[in-house]
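Trainee: got a predicted structure plus its sequence, pasted below:
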Amino acid sequence: QVQLVESGGGLVQAGGSMRLSCAASGLPFTSYAVGWFRQAPGNSREFVIGISWNGGVSTPASSVAGRFTISRDNAKNTVYLQMNNLKPEDTAVYYCGARSMNVDTMPAQYKYWGQGTQVTVSS
């Protein structure tokens, strides 16, 4: 049974930092890409950034470029999203998704999803 579990969300002030984790189990992690997405109330799920099976990092969404980075630790089957200089508009539920091999920016291309973790940035 495949599971993706996000953690690390919470409340932070604008300008602060937060690191999210996505821990995977039940799949050949080193063959999978992981994408981070977010969804604010009333909005569709949007791509943030992703990392391919071989560690290649995708172009991030323009709204987070220069502030968010992604990394993976294959020994721990975990992908991290480091978020710096957070803004109130970053407030959303953050999801990680997994798909074979390479990153895609479309949510429908992801086979597995975590349950999401809430990130709230106060002004």
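Mentor: Yep, that arrived.

Trainee: excluding sequence neighbours, find me the nearest residue to the residue most central in space within the chain.
Mentor: The centroid of the chain falls nearest to Trp36 when counting by CA atoms, centre = their mean (2.4 Å). Nearest residue to Trp36, sequence neighbours excluded (CB to CB, 6 or more residues apart in numbering): Val48, at 4.4 Å. No exception for glycine: its C-beta is placed from N, CA and C like everyone else's.

Trainee: kindly report the same for Leu81.
Mentor: Looking at Leu81 with CB to CB, 6+ apart, the closest residue is Leu20, at 4.2 Å.

Trainee: Arg72 now?
Mentor: Nearest to Arg72 is Val79, by CB to CB, 6+ apart, at 4.6 Å.

Trainee: for the one you found, what is the enclosing helix or strand?
Mentor: Using DSSP states H and E, Val79 maps to strand 78-83.

Trainee: go on, Leu4?
Mentor: Judged by DSSP H and E, Leu4 forms part of strand 3-7.

Trainee: give me the buried positions along that strand.
Mentor: Applying a neighbour-count criterion of 16 or more other CB atoms under 10 Å, one finds 4, 6 buried in strand 3-7.

Trainee: mind listing the strands the following helix or strand past that strand pairs with, and their directions?
Mentor: As assigned by DSSP H and E, the chain's next helix or strand after strand 3-7 is strand 10-13. Strand 10-13 has its sheet partners listed here by DSSP bridges as strand 117-122 (parallel).

Trainee: can you give the distance of the strand it pairs with from its chain's centre?
Mentor: A distance of 13 Å separates the centroid of the chain from that of strand 117-122, by CA atoms, centre = their mean, to the nearest Å.

Trainee: then stretch 45-54?
Mentor: The answer for stretch 45-54 is 7 Å, by CA atoms, centre = their mean.

Trainee: please consider this matter closed, and thank you.
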